[in-house]
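K.L.:
Provided below are the primary sequence and the corresponding predicted coordinates.
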Amino acid sequence: MPSGGARPLDEIAFLTVAEVASVMRVSRMTVYRLVHSGHLPAIRVGRSFRVPEQAVHEYLRESYINEHRF
């Protein structure tokens, strides 16, 4: 098991930019902006990006919590 409790790469589900856009219900350009700004981690595969599915869920969860604090 990798140090720090990280999961092995073969256990991580990666999504394409189009799939992330669909999950988040935003445009692909918005996903590219999030990736390039560092708000959404991604790896580059050739000329395209792959985003860990868990990172998308964490981003949405954190965004929801931060926007709805009283």
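P.N.:
Yes, it's here.

K.L.:
quick check: the gap between Leu9 and Arg50.
P.N.:
Going from Leu9 to Arg50 by CB to CB, to the nearest Å gives 11 Å. In short, each C-beta sits where N, CA and C put it, glycine included.

K.L.:
for the chain, just list every one of the helices.
P.N.:
Secondary structure of the chain by DSSP state H: the helices cover 17-24, 28-37, 53-67.

K.L.:
coming back round to it: neighbour count for Leu9 and Arg50, which is higher?
P.N.:
Arg50 (17 against 10; other CB atoms under 10 Å).

K.L.:
and that one, how far is that from Ile65?
P.N.:
26 Å.

K.L.:
determine the longest strand present in the protein.
P.N.:
Taking DSSP state E as the criterion, the chain has its longest strand at strand 48-52.

K.L.:
contacts only, for the closest residue to Arg44 other than its chain neighbours.
P.N.:
What sits nearest to Arg44 in space, not counting adjacent residues and going by CB to CB, 6 or more residues apart in numbering, is Arg50, at 8.0 Å. Arg50 makes contacts with 14-16, 42-44, as judged by CB atoms under 8 Å, 6 or more residues apart in numbering.

K.L.:
and Pro8, what pLDDT?
P.N.:
Note for Pro8: predicted pLDDT of 75.

K.L.:
same question for Glu67.
P.N.:
Here, the pLDDT recorded for Glu67 equals 64.

K.L.:
return the most buried member of the helices of the chain.
P.N.:
helix 17-24 (a mean of 17; mean count of other CB atoms under 10 Å).

K.L.:
so how far is it off the chain centroid?
P.N.:
9 Å (CA atoms, centre = their mean, to the nearest Å).
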